[in-house]
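Enquirer: let me see the structure of the following:
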Amino acid sequence: MIATLIVGIGAFLIAPFVAGQPTRVALLPKSVVETPSAPLAAKPEPILLAQNTVPPPAPPVAPAPPVAPVAPIASRELVPVVQPAIPVPKLQKKDKNRKASDDFFNGPVRKLEIVWEPEEWEYLKRDNRRYAECDIIETLPDGTTKTHKHAAVKLKGAAGSFRGPDDKPGLTISMDKYKGAERFHGMDKFHLNNGAQDGSFLNELVGGEWCRASEVPASRCTHVLVKWNGRELGLYLFKESFTDDFLAYFFEKTDGSFYDGHFIAEVDGDLEKQQGADRKDKSDLKALAAACKIADPKAKWEAVAKVLDVEEFLRSLALETFTCHWDGYNFNRNNYRIYFDPKTGKANFLCHGMDQLFSDANWPVVRDPGSLVGQTVFSNPEWKKRYREIAEEIYTKVLKGLDWELRIADHGKKIVEALNKQNPQWGKDFQGQITATQQRVMGRIAAIGKQFGDMPKPFDWKNGVAKIGGKQWRGEGSGVLDEVQMDGQRCYHLKADGSSSASWRRTVALEPGKYRFEAMAKVANVDDTGDESGRGAGLRISGAQRTAGFKGTSGWQKLAYDFDATGADVVLVAELRSKNGDVWFQNEGFQLVRVK
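Expert: From the prediction side, this is the model:
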């Protein structure tokens, strides 16, 4: 398998994170592009839940629940950084298709209107699991339209997500079934998911990015607005299909056997072979199943190692576990694909159907799988030990090493911008889904860290005061973030760059109670701009607002912020929300005070 992790400055940068691997595109914050030594990414603030409170644990995922209006997102621009690649004089056709799809997935949310001739519409209604012909009118970013003719559409979905043609159906769209059809942004097949089991429309997108960042093949996702036979159906998740183009991102050869794991089906069942030289020849799949059933443990493990990419399987198991993918292969024998790589002859498991993720923050990070292959692999002590090593590496380099709060906010911002054009209330309502997803994902990452022993240490309290000091702070945001000397004091410095939302942060473990966060700070030329989370310079905790702001030009002053802790970890924030100006925080001036 082609590795998709690239070691970057201080973190792992993801080449095929959204774009394609050959160009080695890594999405980095603008500040990293301009200042290589800057932090990897800055986190936009979660939408406000309650003044001066730590956000509560995330609720379970509910299918399309109503959401209350909340404050808008604060997000920073992400710009692609292209690593050096071997130049080619002219793109081949396959490369052109890849670039077109990369641009589409990296671009804005678009609107697709699917229109029908009456006879084709009636044909679809009579047999909605077979393709019917239609046209797709796409509204481009500049407001113009392009018609994609002769598209083939059928309905998709299982028991939980299927909706009929007169409802909001899930769709599979093929651009190579009817004569005269052309690829859609380089793709010959894709899916439109209706969000019936994920009201946020973000679970599969985030889950797929976790997978690809961890070297586990998974589809890329973006979002579109859909008008269906004259009816506005709103937001859909756009997901690339398992085609040769998809496989080419991860494997050198794309002509191997490809199997579809049917609804609640094990590898020893009659899986559909969707690709391969002889569709009736399932000898490779049968060999995998037979190896897992060998009675003698050593002989079984030896046989399995010949037909299964064990390292890749352990990664996919870790991702199903980390994302709480209870409806995947290892925990429900559902929603999976298997590809036999012709180069190695071994099976690779692909994650799929990830619309019900992150529902249990405390899901164990080491959990015995119920699948045939999973049980076989976990029965080998060395492989189980290796799982732990792989899982910890993924947590450190992918989950903890990258800014998923920012990723979610960035995707959410694109959705809100598109919804606002259709109906401002839609965009306003969707903000709550973004916040809930951030909470679920970040809560899950924190819980995984605790299970691995990565927990913030308690402070040494003296007379109700704990000196925080200048260590373990991380800088996040745009503008200038650095450590400097100011008036003989070592300081954390923030400088606005025209649209700054920058901060220094530290995660702390606090018992339930009332606290005051204090710091010594001075400002120069800080204006009164900002957003709902605060204006000017100031202190707060992540997930809450502040009302006071330190502005203008002033000497050293003590800043304070009172808050309630529930017993969960708290992220302290010393920030600047301003278009202009500088703020300095004394490194040794940070402290916490217990408030009676």
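
Enquirer: pLDDT weak spots in this protein?
Expert: When residues are selected by pLDDT under 70, those of the chain lie in 1-94, 454-458, 499-500, 530, 568.

Enquirer: give me the residue at the spatial middle of the chain.
Expert: Centrality entry for the chain: nearest residue to the mean C-alpha point is Val206, 2.4 Å, by C-alpha atoms, centre = their mean.

Enquirer: the helix or strand containing that one - contacts with which helices or strands?
Expert: For Val206, the element it lies in under DSSP states H and E is helix 203-213. Other helices and strands packing on helix 203-213, by 3 or more C-beta pairs under 8 Å, 6 or more residues apart in numbering; DSSP states H and E, are strand 12-14, strand 221-228, strand 231-240, helix 310-322, strand 346-351, helix 404-422, helix 424-451. The way it works is simple: take the backbone N, C-alpha and C, and place the C-beta from them, glycine included.

Enquirer: could you point out which element follows the fourth one?
Expert: Secondary structure here is assigned by DSSP H and E; on that basis, the next helix or strand after helix 310-322 toward the C-terminus is helix 329-332.

Enquirer: what number of residues are in the vicinity of the residue nearest to Gln489 when sequence neighbours are not counted?
Expert: Nearest residue to Gln489, sequence neighbours excluded (C-beta to C-beta, 6 or more residues apart in numbering): Gln586, at 4.8 Å. Using other C-beta atoms under 10 Å, Gln586 has 18 neighbouring residues.

Enquirer: could you shift the numbering so residue one becomes 887, and keep it that way?
Expert: With 887 as the first residue, the last one maps to Gln1472.

Enquirer: would you confirm that Lys997 belongs to a strand?
Expert: Yes. Counting by DSSP: H, G, I helix; E, B strand; the rest coil, Lys997 is located in a strand.

Enquirer: that one: how many residues sit nearby?
Expert: If we define neighbours as other C-beta under 10 Å, then Lys997 has 17 of them.

Enquirer: and of the helices and strands packed on helix 1089-1099, who's closest to Gly1214?
Expert: Among these, helix 1196-1208 comes nearest to Gly1214, with 4.5 Å by C-beta to C-beta.

Enquirer: residue ranges of the helices in the stretch 1337-1482 of the chain, please?
Expert: For the stretch 1337-1482 of the chain, helices defined by DSSP state H, counting those that start in this stretch do not occur.

Enquirer: wait, which of the helices and strands packed on helix 1089-1099 is closest to Lys1032?
Expert: strand 1107-1114 (13.6 Å).

Enquirer: chain center to stretch 1283-1290: distance?
Expert: Put simply, stretch 1283-1290 sits 10 Å off its chain's centre (C-alpha atoms, centre = their mean, to the nearest Å).

Enquirer: may I have it as PDB, with CA atoms only?
Expert: In PDB, the C-alpha atoms belonging to stretch 1283-1290 read as follows (Å, rounded to 0.1, in the frame of the first residue of the first chain):
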ATOM      1  CA  LYS A1283       0.400  11.300  15.200                       C
ATOM      2  CA  VAL A1284      -3.100  11.600  13.800                       C
ATOM      3  CA  LEU A1285      -5.700  12.200  16.500                       C
ATOM      4  CA  LYS A1286      -3.600  14.300  18.900                       C
ATOM      5  CA  GLY A1287      -1.100  15.600  16.300                       C
ATOM      6  CA  LEU A1288      -3.700  17.200  14.000                       C
ATOM      7  CA  ASP A1289      -6.300  19.800  14.700                       C
ATOM      8  CA  TRP A1290      -9.700  18.100  14.200                       C
END
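
Enquirer: now for the residue nearest to Gln1375: which residues touch it?
Expert: Applying C-beta atoms under 8 Å, 6 or more residues apart in numbering, we find Gln1472 in contact with Gln1375, Arg1376, Cys1377, Ala1405, Met1406, Ala1407, Trp1442.

Enquirer: show me the contacts for Val1351.
Expert: Per C-beta under 8 Å, 6+ apart, neighbours of Val1351: Gln1477, Leu1478, Val1479, Arg1480.

Enquirer: from Ala1395, how far off is the residue nearest to Gln1375?
Expert: Here the criterion is C-beta to C-beta, to the nearest Å. By it, Gln1472 lies 23 Å from Ala1395.

Enquirer: ok, of the contacts of Gln1472, which come out buried?
Expert: Buried members of these, counted by 16 or more other C-beta atoms under 10 Å: Gln1375, Cys1377, Ala1405, Met1406, Ala1407.

Enquirer: could you export those as TSV, including distance to Ala1189?
Expert: TSV is the format used below for these (distance: C-beta to C-beta, whole Å):
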residue	distance to Ala1189
Gln1375	66
Cys1377	62
Ala1405	62
Met1406	66
Ala1407	65
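
Enquirer: biggest separation within the residues you listed, which pair?
Expert: Farthest-apart pair in the buried ones among the contacts of Gln1472 is Gln1375 and Ala1405; separation 11.8 Å (C-beta to C-beta).

Enquirer: what's the overlap in contacts for the two?
Expert: Between them, Gln1375 and Ala1405 share the contacting residues Gln1472, Gly1475, judged by C-beta under 8 Å, 6+ apart.

Enquirer: can you count the residues close to the closest residue to Phe1208 other than its chain neighbours?
Expert: Spatially, and ignoring its direct neighbours in sequence, Phe1208 is nearest to Ile1334 (6.1 Å; C-beta to C-beta, 6+ apart). With neighbours defined by other C-beta under 10 Å, the count for Ile1334 comes to 23.

Enquirer: alright, I will stop here.
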